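Asks: Sequence first, then the predicted structure:
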Amino acid sequence: MIRYTDDMHAVEADQLQGFFVGWPAPPSQEKHLAVLRGSYHAVVALDDDDRVVGFINMISDGVLTAFIPWLEVLPEHQGQGIGEELVRRVLTAAENLYSVDLLCDAELQPYYERFGMRAIPGMGLRHWGALQA
């Protein structure tokens, strides 16, 4: 059974294994945990063994705007509705905000459209080396 928590102080770095598959320079588990704890809102999905099998985080000014940088579910747990529940929970926490944005590849846009999101133009810059620093 999967359970969800937004208490990031109940999560430890060693529970964050197997994420960022295919990233050129994945963050360490310690950095991953620091991001979750430093977020405006974050939610993790845990299995029966207390292993984190999915997570989402949102950064925000807490007044008008928010951004969702990461949503991941471990490959062996995909297709079970975990990602959908994570998105639902973080969007519920943002109901009082004017805008919630995220960036995704074009093939993922239909996934996010079911939550009421629409494609918008955007730009980005990545400093891949900063993930390992």
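Replies: Done, it's in.

Asks: any low-confidence regions in this structure?
Replies: 131-133 (pLDDT under 70).

Asks: hey, where'd the helices end up in it?
Replies: For the chain, the helices defined by DSSP state H cover 29-38, 82-93, 109-113.

Asks: Tell me which of the ones you listed sits most buried.
Replies: Highest mean neighbour count among the helices of the chain (mean count of other CB atoms under 10 Å): helix 82-93, with a mean of 18. Glycine gets a C-beta too; all of them are placed from N, C-alpha and C.

Asks: Tell me the bridge partners for the residue most central in space within the chain.
Replies: Most central in the chain under CA atoms, centre = their mean is I56, positioned 2.2 Å from the mean C-alpha point. Beta bridges link I56 to V43, L71, judged by DSSP bridges.

Asks: picking that back up, got a markdown table for the helices of the chain, with distance to D47 too?
Replies: As requested, the helices of the chain are exported to a markdown table (distance: least, CB to CB, whole Å):
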| stretch | distance to D47 |
| --- | --- |
| helix 29-38 | 17 |
| helix 82-93 | 10 |
| helix 109-113 | 22 |
